[in-house]
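[1] give me the fold of what follows.
(one chain, ligands or ions: 1)
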Amino acid sequence: MTIHATLIPGDGIGPEITDATMRLLAAAGADFTWDRQLAGMAAVTAVGSPLPEATLDSIRRTRVALKSPLETPVGKGFRSINLALRMEFDLYANVRPARSVVPGLRYKDVDIILVRENTEGLYIGVENYIRIGDDPRAAAQSIAVVTRFGAERIHRYAFALAVRLGRKKVTLVHKANILKLSQGLFLDVGREIAKEFADRIAVEERIVDACAMELVTRPERYDVLVTTNLFGDILSDLTSGLVGGLGLTPGANIGKDTAIFEAVHGTAPDIAGKGVANPTAVMLAACQLLDHVGQGALATRIRNAIEATLREQKTVTRDVGGSANTAAYTDAVIARL
Ligand code: NAD
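    Sure, this is the predicted structure:
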């Protein structure tokens with residue numbers, strides 16, 4: 001069955017890793033029709049807006065998108081495009097898996113799925129300065145909002161995902177000891193939802209700082225984590241680091257009827273245009289997309305080829321200890337299909 005999806009090649013290394021991913025998907029026989037659209041600096045240059053209406057229209061039509069990293073233009077008037085996309089399509093669940101595949105790293109048995117609430121918390125953009133006397137920026141405040149609705153749906157998503165993937169345990173990560181109301185509500189709702197799954201999934205609670213420490217000392221004890229927006233943002237980069245870095249970690253942004261899949265890393269301006277970027281994160285994001293549209297068998301075949309190539313360590317990119325460029329690594333993965 002043909003999959004109609006929006007493709008946003010993005011900025012910096014985006015177009016290079018997108019091309020590599022398209023080559024891999026074609027070689028694997030994935031049947032896509034891609035609607036290529038612009039966002040980020042590429043869109044500013046072409047049409048004067050970082051998030052053109054045509055791009056939003058395309059996603060409204062296809063309801064599924066693969067997105068490479070975007071550069072948010074620095075300066076007033078532009079909010080983060082990634083944040084804008086999450087809000088526009090109410091992509092409330094950010095799912096970031098981190099699994100040990102690359103050999104020779106400090107950790108061997110990491111297999112964590114981090115589920116981050118993606119639309120609330122401190123990232124709602126409600127911030128202001130407070131003037132005192134002559135100083136218009138004497139103080140600043142950023143407001144964190146947790147709603148029962150938002151907390152219920154993210155916890156239910158995390159537990160349902162754990163059941164679907166045959167996972168054993170969900171850890172509720174919070175800071176309710178200090179932020180008694182917002183984090184307290186998030187934790188209380190998590191406890192309620194956990195009861196619905198009590199016969200299938202074990203539950204535990206961790207304060208976020210202790211969780212961060214244990215993710216470094218004993219990451220193998222974690223299975224599925226669920227947490228609020230800011231903590232999830234930070235901890236998911238940490239879990240990426242446990243398994244070999246940002247070049248390997250995909251992220252799914254899931255809403256009720258739309259989903260956007262992406263690499264968690266940025267545009268890597270330091271290596272853009274050199275043809276040496278690691279395309280794995282976008283390739284794995286494409287696998288998440290395939291899972292999402294019911295093509296899990298194909299996703300597994302592609303993932304296996306990627307993992308075999310990474311395990312062998314013969315033809316891998318510089319960020320994971322090799323010397324291959326993007327094209328050579330992609331060829332090696334294709335040869336493994
Ligand atoms: P970055 O992730 O782009 O780079 C951090 C480091 O990781 C760099 O040394 C880079 O070379 C390396 N790296 C990242 N991805 C790699 C890959 N695939 N292969 C090899 N090495 C890789 O983070 P940054 O430098 O903080 O941000 C650069 C730009 O990206 C900024 O404009 C930021 O706003 C944007 N950004 C976008 C997204 C997104 O679109 N999802 C996410 C984060 C940052």
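[2] check which helix or strand covers the closest residue to the ligand within the stretch 151-300 of the chain.
    The nearest approach of the stretch 151-300 of the chain to the ligand comes at Gly266, 2.4 Å away (CB to the nearest ligand atom). C-betas here are computed from N, CA, C, even on glycine. Following DSSP states H and E, there is no helix or strand that holds Gly266.
[3] show the pLDDT at it.
    On pLDDT, Gly266 comes in at 93.
[4] what about it, distance to Thr72?
    9 Å (CB to CB, to the nearest Å).
[5] so the spatially most central residue of the chain, which state does it fall into?
    The chain has Gly251 as the residue nearest its centroid, 2.2 Å off, counting by CA atoms, centre = their mean. Classification of Gly251 by DSSP: H, G, I helix; E, B strand; the rest coil places it in strand.
[6] that one and Ala263 touch, don't they?
    Yes - using CB atoms under 8 Å, Gly251 is in contact with Ala263, at 7.2 Å.
[7] identify the contacts common to those two.
    Ala285 (CB atoms under 8 Å, 6 or more residues apart in numbering).
[8] so what's Asn304 up against?
    For Asn304, the contacting residues are Arg336, by CB under 8 Å, 6+ apart.
[9] pull the distance from the helix or strand encompassing it to the chain's centre.
    Secondary structure assignment for Asn304, by DSSP H and E: helix 296-312. Distance of helix 296-312 from its chain centroid, counting by CA atoms, centre = their mean, to the nearest Å, is 19 Å.
[10] buried residues in it?
    Residues of helix 296-312 classed as buried: Leu298, Ala299, Arg301, Ile302, Arg303, Ala305, Ile306, Glu307, Thr309, Leu310 (neighbour count, 16 or more other CB atoms under 10 Å).
[11] same check on stretch 67-82?
    Within stretch 67-82, the residues scored as buried using 16+ other CB under 10 Å are Lys67, Ser68, Pro69, Leu70, Glu71, Thr72, Ile81, Asn82.
[12] just the pLDDT for the residue lying closest to the fourth one once chain neighbours are set aside.
    Right, the one you point to is Leu70. Once flanking residues are discounted, Leu70 sits nearest to Gly40: 3.3 Å by CB to CB, 6 or more residues apart in numbering. For Gly40, the model assigns a pLDDT of 92.
[13] so Gly40 sits against Lys67, correct?
    No - assessed by CB under 8 Å, Gly40 is found out of contact with Lys67, at 9.3 Å.
[14] what do these two both touch?
    With CB under 8 Å, 6+ apart, Gly40 and Lys67 have common neighbours Ile8, Gly10.
[15] got a list of what the residue nearest to the centre of the chain touches?
    The contact partners of Gly251, by CB under 8 Å, 6+ apart, come to Asn94, Val95, Arg96, Ser236, Phe261, Glu262, Ala263, Val264, Ala285.
[16] which strand residues bridge the first one?
    So that's Asn94. Counting by DSSP bridges, Asn94 forms beta bridges with Arg116, Asn253.
[17] does it touch Arg116 like I think?
    Yes - applying CB under 8 Å as the test, Asn94 and Arg116 come out as touching, 4.1 Å apart.
[18] the ligand contacts on this structure?
    Selection of the chain residues close to the ligand by CB under 6 Å from any ligand atom yields 13, 69-72, 82, 246-247, 262, 265-271, 277-278, 281, 319.
[19] filter those down to just the ones in strands.
    Mapping those onto strands (DSSP state E) picks out Glu262.
[20] which of the residues of the chain next to the ligand count as buried?
    Listed as buried from the residues of the chain next to the ligand are 13, 69-72, 82, 246-247, 262, 265-268, 271, 277-278, 281, 319; burial here means 16+ other CB under 10 Å.
[21] verify the stated contact: Ala268 with Gly12.
    Yes - contact status for Ala268 versus Gly12: in contact at 5.5 Å, counting by CB under 8 Å.
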